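> one predicted model, sequence on top.
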Amino acid sequence: MMSMLPSLGFAGIGLMGLPMCRRLLAAGYPLTVWNRNPAKCAPLVEAGARQVATPAELCQHADVVMLCLADTAVVRGVVFGTAGVIEGAKNGQLLVDFSSLEPTATREMAAELVSKTGMGWLDAPVSGGVVGAQAGSLAIMVGGDGTALERVKPVLLSLGQRVTHMGAVGAGQVTKACNQMIVACNALVIAEVVALAERSGVDANLIAEALAGGFADSKPLQILAPQMADSRFEPVKWHVRTLLKDLDTAVKFSREQGSATPVSGLAAQLMRLHGAQGNLEKDPSTLVQMYRAPDSAS
């Protein structure tokens, strides 16, 4: 046997998937990749990955199939659609989903996959953004079988600095929804703060530095406040549409659970308003534009 390391498959070579795959290759894992737009796999193939034409084929070459995809509908298509993972899945294989999905849908899909094929499912959404993916410093919150998690923990630790088992399937997605509620509400209030500082003649560039280490400090503050103050909206490191999708997921799930989320509900509506003004594909640092006087917008 050439390698003692498990062979890995990866579907979804996007903003997060590409740097995650680079780290897996650097750690020596045999890697097979698939992406809806095949051209995005090119840099990974150059670095030693094998490319396949369908998600089903990932299962032929991999003990563990990983997904990092846009939303619940895309994951459902890649797993259960034509030439999807389910068509190649074998008993004892494991699916690890890094995407941010609806917890209820995750539980339903995991149950269907294991009952039809014997392939296990771990929901393992991540937090830390592109920078965290590049540095291998992601926070990974996992739902699913503890024994299955132990099997892939070394793989996950090459991608993240922290792997926390949150409970049964779906628990990782609930935790990610909580994470995104905090991040999105934080981003919106940081935008209000920067705009207020600007209007009152205070140098908004100093806000992050002034508040560092205090109770108001956070990673979003340190990253977003300087970008907002400088109107530095490129390169896009994450998308308004992603935060909106995750807020919608959180609000929908909270409604299913009978849990009140008034602040996150308002955040979702503000994010939708911003997105509707042509900002869905833009960086959340553009949120500051909502609060600036029209003549000061750059």
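Looks like it arrived, so ask away.
> and Ser7, how many neighbours does it have?
Neighbour count for Ser7, taken as other CB atoms under 10 Å: 17. C-betas here are computed from N, CA, C, even on glycine.
> for the residue nearest to it when sequence neighbours are not counted, give me its contacts.
Nearest-residue entry for Ser7: Pro30, 4.3 Å, with adjacent residues in sequence omitted and distances by CB to CB, 6 or more residues apart in numbering. Each residue near Pro30 by CB atoms under 8 Å, 6 or more residues apart in numbering is listed here: 3, 5, 7-8, 50, 61.
> state the distance from Pro30 to Gly160.
Pro30 sits 20 Å away from Gly160, going by CB to CB, to the nearest Å.
> can you give me the helices in the chain?
Using DSSP state H, the helices of the chain run over residues 17-26, 42-46, 55-61, 72-80, 85-88, 103-117, 129-135, 146-157, 171-199, 207-211, 219-229, 240-257, 262-274.
> mind listing what's buried along the first one?
For helix 17-26, the buried set under the neighbour-count rule, 16 or more other CB atoms under 10 Å, comprises 17-25.
> related to what we said a few turns ago, mind putting the helices of the chain into TSV with mean pLDDT and distance to Thr164?
Formatted as TSV, the helices of the chain follow (pLDDT from 0 to 100; distance: least, CB to CB, whole Å):
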stretch	mean pLDDT	distance to Thr164
helix 17-26	98	18
helix 42-46	98	28
helix 55-61	98	26
helix 72-80	98	21
helix 85-88	98	25
helix 103-117	98	16
helix 129-135	95	15
helix 146-157	98	10
helix 171-199	98	8
helix 207-211	98	27
helix 219-229	97	17
helix 240-257	97	18
helix 262-274	98	22
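> out of these, nearest to Pro294?
Ranking those by their distance to Pro294 (criterion: CB to CB) puts helix 171-199 first, at 12.2 Å.
> what angle separates the closest one from helix 72-80?
Angle, helix 171-199 to helix 72-80, by axes from the mean of the first three to the mean of the last three CA atoms, to 10 degrees: 150 degrees.
> how much does helix 171-199 deviate in direction from helix 103-117?
Taking the same axes, to 10 degrees, one finds that helix 171-199 is oriented at 150 degrees with respect to helix 103-117.
> count of neighbours near the closest residue to Lys90 other than its chain neighbours?
Nearest non-adjacent residue to Lys90, counting by CB to CB, 6+ apart: Cys59, 6.4 Å away. Look at Cys59: counted by other CB under 10 Å, it has 24 neighbours.
> contacts only, for Cys59.
Cys59 makes contacts with 9, 65, 85, 88-90, 93, 119, as judged by CB under 8 Å, 6+ apart.
> quick revisit: farthest-separated two in the buried residues of helix 17-26?
Across the buried residues of helix 17-26 (CB to CB), the longest gap, 12.4 Å, separates Gly17 and Leu25.
> got the phi and psi for the residue of the chain most remote from its centre?
Distance from the C-alpha centroid of the chain peaks at Gly201, with 36.7 Å (CA atoms, centre = their mean). Phi and psi for Gly201, reported as degrees, to the nearest 10, are phi 80, psi 10.
> distance from the chain centre to stretch 278-294, please.
Stretch 278-294 sits 21 Å away from the centroid of its parent chain (CA atoms, centre = their mean, to the nearest Å).
> and it, how far apart are its ends?
Its first and final residues considered, stretch 278-294 spans 16 Å by CA to CA, to the nearest Å.
> list the buried residues of it.
Neighbour counts over stretch 278-294 (16+ other CB under 10 Å) mark 279-280, 282-292 as buried.
> list the contacts of Asp203.
Residues near Asp203 by CB under 8 Å, 6+ apart: 197, 229.
> and the gap between it and Leu8?
In terms of CB to CB, Asp203 sits 48 Å off from Leu8.
> now do the contacts for the nearest residue to Trp238 once chain neighbours are set aside.
In space, and not counting its chain neighbours, Trp238 is closest to Gly129: 5.7 Å by CB to CB, 6+ apart. Neighbour list for Gly129: 16, 237-238 [criterion: CB under 8 Å, 6+ apart].
> try 10 Å this time
The neighbours of Gly129, taking CB atoms under 10 Å, 6 or more residues apart in numbering as the test, are 15-16, 137-138, 183, 219-220, 223, 237-238.
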